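A.B. asks: Quick one: sequence and predicted model below, then my questions.
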Amino acid sequence: MRAIRVHAPGEAEAMRLEEAADPTPGPGEAVVRLEAIGVNFIDVYRRKGLYPQPLPFTPGSEGAGTVVAVAPDVTTVRVGDRVASESLVGAYAELAAAPAARLVALPHGVDTRTGAAVMLQGLTAHYLATSTYPLQPGDACLVHAGAGGVGLLLCQIASRRGARVIATVSTAEKEALARAAGAHDVIRYTEQDFVAEVKRRTGGAGVPVVYDSVGRTTFDGSLDCLARRGMLVLFGQSSGPVPPVDPQILNRKGSLFLTRPTLAHYTATRDELVARADELLGWVADGSLDVRVGATFPLADAADAHRALEGRATTGKVLLIP
């Protein structure tokens, strides 16, 4: 099969298309022939060596396609099933293995491109709004990068839960996308001080929760946007890692809460994974959740996909097509 390989950490050009051995399913595993592959910031972090792993490796963990082989002990999926997963091993390839327990069936009406586009970011948006800080009708929340892949889904899910969504974006085009996704207020952080705007739009009170995937450049401001006893949910670092924090800052700014969640801890069992995925994919299937694919690239052009993602030149989801 063809696969992207990284032989040493580096910039986007560190990824090269090569011939690789087809995967075979080990105990508890299945092999999927991929039709679409999700590109995520975690792939960038791994390519750069921020999350070290044995070299060489094939990046990627998200995709959708058809099961082509299963281990003898697997009963959760069968050959021929249409599935999606955020737990593939080396997804930037034509074939990828995965623990069969981490594969979810795609319902009728959800194609593989949509399935690949919604798994990681959709499940992330789901747990953020329903579990990390369970939004209630009347709550206000601040969503950074409101026109990004997670941002557009999070705006929709938060809005459907009755929350008032304030989103930050960089351009007029992205403002329109965030508003279409359910954002009630949109702040262009390139033109306005988002802290001052949040305080102005909440009558000085701030918001009970900030969902922050940006990290270094927004962290301090996010804390300043919070109401007393509010929660900062830091779930990414697209602008870089946050420097060490003195916990006394949380005290001084209003007995605040800070959490750094990850999807694995909110889908730790198959039952929880399937419950979240079934609800999420159900919304997609009935048309109540819109999944925006902002750009597609051939598998061979994975480096260009990473450059576009890192340059914030995309909205919605970026996909690779084998």
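C.D. replies: Yes, it's here.
A.B. asks: What residues does the residue lying closest to Ala308 once chain neighbours are set aside make contact with?
C.D. replies: Distances taken as C-beta to C-beta, 6 or more residues apart in numbering put Thr314 closest to Ala308, at 5.1 Å, once the chain neighbours are dropped. (Each C-beta comes from the backbone N, C-alpha and C, glycine too.) By C-beta atoms under 8 Å, 6 or more residues apart in numbering, the contact list for Thr314 reads 294-295, 308.
A.B. asks: For Glu279, which non-adjacent residue is closest in space?
C.D. replies: Closest to Glu279 by C-beta to C-beta, 6+ apart is His126, at 7.0 Å.
A.B. asks: Now do the strands in the stretch 51-200 of the chain.
C.D. replies: Secondary structure of the stretch 51-200 of the chain (DSSP state E, counting those that start in this stretch): strands located at 63-70, 82-85, 95-99, 104-105, 140-143, 164-169, 185-188.
A.B. asks: Can you name every helix or strand that the second one contacts?
C.D. replies: Pointing back at strand 82-85 there. Packing partners of strand 82-85 (3 or more C-beta pairs under 8 Å, 6 or more residues apart in numbering; DSSP states H and E): strand 29-39, strand 63-70, strand 104-105, helix 112-127.
A.B. asks: can we see that at 10 Å?
C.D. replies: strand 29-39, strand 63-70, strand 95-99, strand 104-105, helix 112-127, helix 270-285 (3 or more C-beta pairs under 10 Å, 6 or more residues apart in numbering; DSSP states H and E).
A.B. asks: gap between that strand and the chain center?
C.D. replies: Chain-centre distance of strand 82-85: 16 Å, with C-alpha atoms, centre = their mean, to the nearest Å.
A.B. asks: pLDDT of it, averaged?
C.D. replies: The pLDDT scores in strand 82-85 average 98.
A.B. asks: Adjacent strands (with direction) for it?
C.D. replies: Next to strand 82-85 in the sheet, as set by DSSP bridges, lie strand 63-70 (antiparallel), strand 104-105 (antiparallel).
A.B. asks: Same list (those strands) but as TSV, adding distance to Ser87, mean neighbour count and mean pLDDT.
C.D. replies: Listed next are the strands paired with strand 82-85 as TSV, based on distance: least, C-beta to C-beta, whole Å; neighbours: other C-beta atoms under 10 Å; pLDDT from 0 to 100:
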stretch	distance to Ser87	mean neighbour count	mean pLDDT
strand 63-70	10	22	98
strand 104-105	10	22	98
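A.B. asks: Which one of these lies nearest to Tyr92?
C.D. replies: Nearest to Tyr92 among these is strand 63-70 (8.8 Å), distances taken as C-beta to C-beta.
A.B. asks: export that closest one as CSV, just CAs?
C.D. replies: Provided in CSV are the C-alpha atoms of strand 63-70 (Å, rounded to 0.1, in the frame of the first residue of the first chain):
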residue,chain,number,x,y,z
GLY,A,63,-10.6,8.0,9.0
ALA,A,64,-13.5,6.1,7.5
GLY,A,65,-13.9,3.3,5.0
THR,A,66,-14.7,-0.3,4.7
VAL,A,67,-13.5,-3.2,6.9
VAL,A,68,-11.5,-5.6,4.8
ALA,A,69,-10.1,-8.0,7.5
VAL,A,70,-10.8,-8.9,11.1
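A.B. asks: ok, now which ones touch the closest residue to Val32 other than its chain neighbours?
C.D. replies: Distances taken as C-beta to C-beta, 6+ apart put Gly65 closest to Val32, at 4.7 Å, once the chain neighbours are dropped. By C-beta atoms under 10 Å, 6 or more residues apart in numbering, the residues touching Gly65 are 31-37, 81-85, 88, 91, 94-96, 106, 112, 115-116, 322.
A.B. asks: same check, this time on Ala308
C.D. replies: 12, 39, 294-295, 297, 301, 314, 318.
A.B. asks: for it, helix, strand, or coil?
C.D. replies: Recorded secondary structure, Ala308: helix (DSSP: H, G, I helix; E, B strand; the rest coil).
A.B. asks: I'd like the distance between it and Phe41.
C.D. replies: 12 Å (C-beta to C-beta, to the nearest Å).
A.B. asks: quick one on the thing from earlier: which residues does the residue nearest to Glu279 contact?
C.D. replies: The contact partners of His126, taken as C-beta under 10 Å, 6+ apart, are 118, 153-154, 157, 263, 266-267, 275-277, 279-280, 283, 289.
A.B. asks: do that again at 7 Å, thanks
C.D. replies: Residues counted as contacts of His126 (C-beta atoms under 7 Å, 6 or more residues apart in numbering) are 157, 276, 280.
A.B. asks: do Ala36 as well
C.D. replies: Contacts for Ala36 (C-beta under 7 Å, 6+ apart) come out as 63-64, 112-113, 116, 319, 321.
A.B. asks: just to confirm, which helix or strand has the nearest residue to Phe219 once chain neighbours are set aside in it?
C.D. replies: Using C-beta to C-beta, 6+ apart and skipping residues adjacent in sequence, the residue nearest Phe219 is Val242, 4.7 Å away. For Val242, there is no host helix or strand (DSSP states H and E).
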